[in-house]
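Undergrad: Structure of the sequence below:
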Amino acid sequence: MMRFVVFGIFLGGFLGFVSSSLGIVIWNSMGRPDVLVRTGWEEIEIVVMIISGMFVGLLYGLILNATIRPEDLKANASFVFIVTVFVAVLIYAGADFFSIKLFNVLPSFCAHAVVFLISLTVARLRSGPIQTTRMSGPKDGSTQPL
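TA: Numbers count the residues shown, from 1 in each chain. Next up, the predicted model:
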């Protein structure tokens, strides 16, 4: 259990850093408008996004723990990590650009949900069947009379 939770917290914190850093770079390149990041709050933005990412990563790890048995995990953590970061950079860059252009933070917020779902999907697709609870009964498939 701890393996998925620790992975989720680490991945979430790293994505928070990537998201805020990329947002600040795009924000600087577009003349620092008063959307997405406030002037003088860049360092606070990074810290808040890292901490927020770690909390979301905790949820991510708990979801993985509930749906994937460790022995069914065919993808190692580095594969899921690399794919998630690559997809996140592409999605965050586009979302931050449109957030600043449209003067609206909604694309940036939606980007985080999309990356979250894509990463869960990658981890699930690279794993075995969904973990389910087994009904008690005979193992040979026969039925018992009432």
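Undergrad: Any figure for the gap between the residue nearest the centre of the chain and Phe97?
TA: Nearest to the mean C-alpha position of the chain, by CA atoms, centre = their mean, lies Phe116 at 3.3 Å. Using CB to CB, to the nearest Å, Phe116 is found at 20 Å from Phe97. Bear in mind the C-beta positions are built from the backbone N, C-alpha and C, glycine included.
Undergrad: can you map out the helices along this structure?
TA: For the chain, applying DSSP state H gives helices covering 2-29, 42-67, 77-102, 106-125.
Undergrad: Quick one: those helices as JSON lines, columns for distance to Val35 and mean pLDDT too.
TA: Formatted as JSON lines, the helices of the chain follow (distance: least, CB to CB, whole Å; pLDDT from 0 to 100):
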{"stretch": "helix 2-29", "distance to Val35": "8", "mean pLDDT": "92"}
{"stretch": "helix 42-67", "distance to Val35": "12", "mean pLDDT": "92"}
{"stretch": "helix 77-102", "distance to Val35": "6", "mean pLDDT": "93"}
{"stretch": "helix 106-125", "distance to Val35": "9", "mean pLDDT": "92"}
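Undergrad: hey, which of those is tucked in deepest?
TA: When the helices of the chain are scored by mean count of other CB atoms under 10 Å, the highest mean neighbour count falls to helix 2-29 (a mean of 19).
Undergrad: who does that one touch, helix- and strand-wise?
TA: helix 42-67, helix 77-102, helix 106-125 (3 or more CB pairs under 8 Å, 6 or more residues apart in numbering; DSSP states H and E).
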